[in-house]
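Colleague: Structural data only, the sequence is not supplied:
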């Protein structure tokens, strides 16, 4: 049976006729010149349909015809006849469309089979056949575009993707295919715009895909610009590039003497100093060292081989030296360079196995360099996905195994520990990595870190590692277990405590207090009193962390009353604020605690007043932190309810200070300043007059919340 041959020109002709019919119907309904409109409709029918007069067939002469349906009110017979012809035409076209789709499905499915088998040319033939049968299908056009992309014909891919979007402007895959083709053609700005348009039509699950393509296109654009810079390199740079090119060419030789290879690797590592050098090294194939340099791969096997009986100690020592130099070169080549990081792994989980084998070896320098490389690579979220996708071995347990065997009293091993923790922190930023790291924190990693708290020489490094890990909520929950918490409390309260370790230890407790059980333990009066004594410490960093911890713990009336009754609130308010980088940080934490105490325990007002009241808070209004200013304004608003305190600042610039802040862009801070102004104006006539003099009422009404 013949297949209707409808090409894109036929589609455009059909759409043109639809527009004509639509215009005719609008003219008839408008009624401005009904006779002319009906005459135009008749002319159109004369041109497009074969008229059949009544009673010409035998059937019409012999079979009684049913009575015609009554016409709707206001519709003439001519209009009804015209509408019936339109409906019949629509039914006929729909039937043809359904048939086209069914006929096109056969070659389309054949194309899908060929595509999955990797036969892209055959797939393209079937897709093109399907598009000739059903030229209105966006899916078929986007399939054609994908096949062209696989064949490297990006101009044709862009054209077919354009047809997919013409057929359906919301066809998401059309934008994906077009963007990929445009990126391959170097049309980076157009590609980014295409991806962004497609993202606007996409669903929640599809948006991360578009985000990845946008990210990749921006990187490709950046690399293109950097490659252009390479072409225009200055003379002094050209000398370095020659050294890199010579070094990369040497790496390609399969039978290189190990000592010579080590020297070449160290030479390359010493000259790669800029992003330009990194790019040139990558473009000359340097990042393929671990994958394709035969001489290096054989030495790598010797270095990580656990069975020492198969090689001599000298051979093993040479192999280890080469591997360490190669790994250090990779660290240098990938540092802060996204393209080089991705190039190292190439999205291949097999390369993760090479990295894992180095991390798992018994030689500490190989392990240290491998963990340095893992820490550098894992700064790329895309590389993290590849690292986490590998299952044999899994990268997170491999890194943890290296960490828990470290002797933190040894310098090299402590570096390996730090690098391993850095890699875990980076990996935990992805959901899959976060779960894996949390599971290890709940297991041997958590036990290892807790044990390090027992020794003064290792406690500082363990606490720093914990501080890094608590950014992940699941890890924080596991680190807040009672045993670890008690050891941390001992580190803070011990008479032999290390003053250098205290800031991080207090900061860690502050983070762990986000967990309800840990917070309840830290709110105990004995611990709070011991921590408050640290306010007398000469270290501003320690004073700052103490103030932050108390503020974090002040979450209910019971704790606020405890601070008031014990006199600890007064000690906190009087905490010294030296002129250093911690001054505003301490002030902010103290003011936050005051704000909470005033809310939970109104009796705190007397203590605050005794410590300077509103006058004491005025310097906070000149701070740089919106949090500090906002909380200070809330305290002032509360204290201004006391007539005496309100009068005590009548001769100051407090109204002008608050008004200047309230005039800024509306935010929580400006609202708090407006509340303070309204309380001051209500509490003393001088403040009211000053507010009126400065034309502050309009600002007050626009900034203050309705409840104020």
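Modeller: Structure received. Here the structure is a predicted model, which is why all the values come from computation and not from measurement.

Colleague: rest of the way, CA atoms for contacts and neighbours
Modeller: Noted.

Colleague: What about the residue lying closest to residue 491 once chain neighbours are set aside, how many residues nearby?
Modeller: Distance criterion Cα to Cα, 6 or more residues apart in numbering; nearest residue to residue 491, sequence neighbours excluded, is residue 497 at 6.0 Å. If you count neighbours by other Cα atoms under 10 Å, residue 497 ends up with 13.

Colleague: which SSE is residue 497 in?
Modeller: Under the criterion DSSP states H and E, no helix or strand holds residue 497.

Colleague: isn't it right up against residue 503?
Modeller: No: applying Cα atoms under 8 Å, one finds residue 497 not in contact with residue 503, separated by 11.4 Å.

Colleague: For the stretch 551-700 of the chain, give me the ranges with low pLDDT.
Modeller: Scanning the stretch 551-700 of the chain for pLDDT under 70 picks out 576-581.

Colleague: Identify the residues contacting stretch 617-625?
Modeller: By Cα atoms under 8 Å, 6 or more residues apart in numbering, the residues outside stretch 617-625 that reach it are 584, 587, 628-629, 632-633, 635-636, 654, 657-658.

Colleague: just checking, residue 434 touches residue 427?
Modeller: Yes: checked against Cα under 8 Å, the pair residue 434 and residue 427 is within contact range at 6.8 Å.

Colleague: And the two? Which one has more around it.
Modeller: Neighbour tally, residue 434 and residue 427, criterion other Cα under 10 Å: the higher count belongs to residue 427, 29 against 23.

Colleague: tell me which helix or strand of the chain sits lowest on mean pLDDT?
Modeller: Least confident helix or strand, the chain: helix 58-62 with a mean of 47, by mean pLDDT, DSSP states H and E.

Colleague: Of all the residues in stretch 652-665, which ones are buried?
Modeller: 654-656, 658-659, 661-663 (16 or more other Cα atoms under 10 Å).

Colleague: Please enumerate residues in contact with it?
Modeller: With contact meaning Cα under 8 Å, 6+ apart, stretch 652-665 is reached by 618, 621, 633, 669-671, 673-674, 676-677, 687, 690-691, 694, 696, 699-700, 703.

Colleague: Repeat the analysis, applying 10 Å as the threshold.
Modeller: The contact list for stretch 652-665, computed with Cα atoms under 10 Å, 6 or more residues apart in numbering, reads 614-615, 618-619, 621-622, 626, 629-630, 633, 636, 649, 668-678, 680-681, 686-688, 690-691, 694-700, 702-704.

Colleague: Separate out the buried members of those.
Modeller: By 16+ other Cα under 10 Å, the contacts of stretch 652-665 give 614-615, 618, 621, 626, 629-630, 633, 636, 649, 668-678, 680-681, 686-688, 690-691, 696-697, 699-700, 703-704 as buried.

Colleague: Let's see which of those end up in helices.
Modeller: Judged by DSSP state H, helices contain the following of the buried ones among the contacts of stretch 652-665: 614-615, 626, 629-630, 633, 636, 668-678, 680-681, 686-688, 690-691, 697, 699-700, 703.

Colleague: and the residue lying closest to residue 423 once chain neighbours are set aside, what element?
Modeller: Computed as Cα to Cα, 6+ apart, the closest residue to residue 423 that is not its neighbour in sequence is residue 375, at 4.1 Å. Per DSSP H and E, residue 375 falls inside helix 364-377.

Colleague: I'd like to know which elements that helix is packed against.
Modeller: helix 294-304, helix 313-334, helix 338-345, helix 349-360, helix 381-389, helix 395-404, helix 411-427 (3 or more Cα pairs under 10 Å, 6 or more residues apart in numbering; DSSP states H and E).

Colleague: Next, the angle from the shortest one to helix 364-377.
Modeller: Translated: helix 338-345. In terms of direction (axes from the mean of the first three to the mean of the last three Cα atoms, to 10 degrees), helix 338-345 departs from helix 364-377 by 130 degrees.

Colleague: in the helix or strand containing residue 532, what counts as buried?
Modeller: Element membership of residue 532 [criterion: DSSP H and E] is helix 525-532. Residues of helix 525-532 classed as buried: 528, 531-532 (neighbour count, 16+ other Cα under 10 Å).

Colleague: And stretch 428-440, by the same measure?
Modeller: For stretch 428-440, a neighbour-count test (16+ other Cα under 10 Å) marks 428-430, 433-440 as buried.

Colleague: For residue 105, state which of those residues is nearest.
Modeller: residue 430 (40.4 Å; Cα to Cα).

Colleague: if I look at residue 412, how far off is residue 206?
Modeller: Counting by Cα to Cα, to the nearest Å, the gap between residue 412 and residue 206 amounts to 45 Å.

Colleague: my bad, should have said residue 370
Modeller: For residue 370 relative to residue 206 (Cα to Cα), the value is 36 Å.

Colleague: higher neighbour count, these two?
Modeller: residue 370 (31 against 14).
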